[in-house]
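Engineer: have a look; sequence and predicted model below, questions after that.
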Amino acid sequence: MGSGLDSVRRRNLGRIVELVHQGGVQSRSALTRTTGLNRSTVAALVTELASIGIVTESVPVGGQGVGRPSPLVSAGPRAVAFAANPELDAITVAAVRLGGEVLERVRREVDTTPTAAEATAIIAQLVAELADRLPEEARGGGGIGLAVPGLVRDADGVVRLAPHLGWVDEPLVERLRAATGRAVFAANDASLGARAERTFGAGRGIDDLVYLNGGASGIGGGIIAGGRPVGGARGYAGEFGHTSATTAGNALEDAVRRSELLRVAGLAAGDDAVLEAALAEGIAADPAGAMREEVVRQARTLGRALAGTVNILDPELVVLGGHLGIVLELASEELHDAVRERALVPPFEDVSIVRAELGQDLLLIGAAELAFDRLIADPAAW
């Protein structure tokens, strides 16, 4: 009987945390309405969560109406996770608060493609540095979520294949857990991007969407159908970058490359903000020049590939992140025209193709979701 009651309590605690996570600051009365629990139960749950720093209660300022205003419940100081995204040219790590708020991020550029062991060491070091800069109560319990540009096995987090990094069957989760002493979780970067955009960004409230992410390690995708992520039998679904995109049979990620955008922009390296600024400035200065030509070429190639996605999956929304979002921003008309030319009319006429809203933090916010899953499952154990 006791274990059953404990299970119900954990589930109810997790539900409160989930509502604050996905909906932001909530009044206690709103939590009561949403959960269907009685007021005293919700009050007890919130009090318990506040006592361990997972949520914080505050009194609303300037409230109107009769009676005492309902306390507001928000993310607490201990509800912080870490997120990491290893790439060809850099490794980025962030501290993320419950609710998808990036508190701090640090990007460590690398001169050569990091091995899995090197990436583990860099991530562990950056997590330790970030933790030291957090308030003391936020340093300990947070797990680490990894957004990996490759195929990650659901069962154990082994990176089966990250071709651009040269990783094969790398136990990244196990290594990082040993290096940090923290709980560690991993998944494909684009699948996590899809999840982040649906929870906090352009896909909020959309049950059928496709997210495509472009980065230094190529192009990946995440699919949400009927409100649920589509991972396939082992979690490998969504490798849109390896689909044929040209008449010569080139893969999409070989034809729509971030490195080519860097080259025409005259940059040796740089994050997406630097790249976009350089391209926009160059195109404005020479509207018929090499930068514009390359962006339009990539937009048309990407559009033709997206037409197949629209025909096969019939999504309500297609979200483009990374350098794909830059291409959409700078050559939207050409991209949409290319989709229109090849897509069937019924699925195309109702689909929206938009840029990711969460910007450069997108994959980190998605990676943190893996750690927050653990928090929601058992808040008292965080």
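Structural biologist: Received, thanks.
Engineer: every contact and neighbour count from this point should use C-alpha atoms.
Structural biologist: Noted.
Engineer: so what's the residue count around residue 379?
Structural biologist: 23 (other Cα atoms under 10 Å).
Engineer: try residue 151
Structural biologist: By other Cα under 10 Å, the residues close to residue 151 number 26.
Engineer: secondary structure class for residue 306?
Structural biologist: helix (DSSP: H, G, I helix; E, B strand; the rest coil).
Engineer: in terms of helices and strands, where is the residue nearest to residue 275 when sequence neighbours are not counted?
Structural biologist: In space, and not counting its chain neighbours, residue 275 is closest to residue 262: 6.6 Å by Cα to Cα, 6 or more residues apart in numbering. If you go by DSSP states H and E, residue 262 is part of helix 258-264.
Engineer: helices or strands up against that helix?
Structural biologist: helix 272-285, helix 290-313 (3 or more Cα pairs under 8 Å, 6 or more residues apart in numbering; DSSP states H and E).
Engineer: my read is that the residue nearest to residue 275 contacts residue 269, right?
Structural biologist: Yes: if you go by Cα atoms under 8 Å, residue 262 and residue 269 touch, sitting 6.9 Å apart.
Engineer: pick out whichever of those two has more residues nearby.
Structural biologist: Between residue 262 and residue 269, counting by other Cα under 10 Å, residue 262 is the more crowded of the two (21 against 14).
Engineer: how about stretch 88-101: buried residues?
Structural biologist: 88-100 (16 or more other Cα atoms under 10 Å).
Engineer: now residue 145: how far from residue 197?
Structural biologist: Distance of residue 145 to residue 197, computed by Cα to Cα, to the nearest Å: 16 Å.
Engineer: revised request: answer the last question for residue 91.
Structural biologist: For residue 91 relative to residue 197 (Cα to Cα), the value is 21 Å.
Engineer: now swap in residue 379 and tell me
Structural biologist: Taking Cα to Cα, one finds residue 379 at 24 Å from residue 197.
Engineer: then residue 154?
Structural biologist: Using Cα to Cα, we find residue 154 at a distance of 21 Å from residue 197.
Engineer: more crowded one of the two?
Structural biologist: Per other Cα under 10 Å, whichever of residue 154 and residue 197 has more neighbours is residue 197, with 26 against 17.
Engineer: which residues touch the more buried one?
Structural biologist: 203-204, 356-358, 362 (Cα atoms under 8 Å, 6 or more residues apart in numbering).
Engineer: can you pick out the most distant pair from those?
Structural biologist: 204 and 362 (13.6 Å; Cα to Cα).
Engineer: so between the two, which is more surrounded?
Structural biologist: Neighbour comparison, residue 204 and residue 362: the larger count goes to residue 362, with 26 against 13 (by other Cα under 10 Å).
Engineer: was I right to think the more buried one contacts residue 195?
Structural biologist: No: the criterion here is Cα under 8 Å, and residue 362 misses it with residue 195 at 9.5 Å.
Engineer: now do the shared contacts for those two.
Structural biologist: Contacts common to residue 362 and residue 195, judged by Cα under 8 Å, 6+ apart, are absent.
Engineer: residue ranges with poor pLDDT in the stretch 201-350 of the chain?
Structural biologist: For the stretch 201-350 of the chain, applying pLDDT under 70 flags no range at all.
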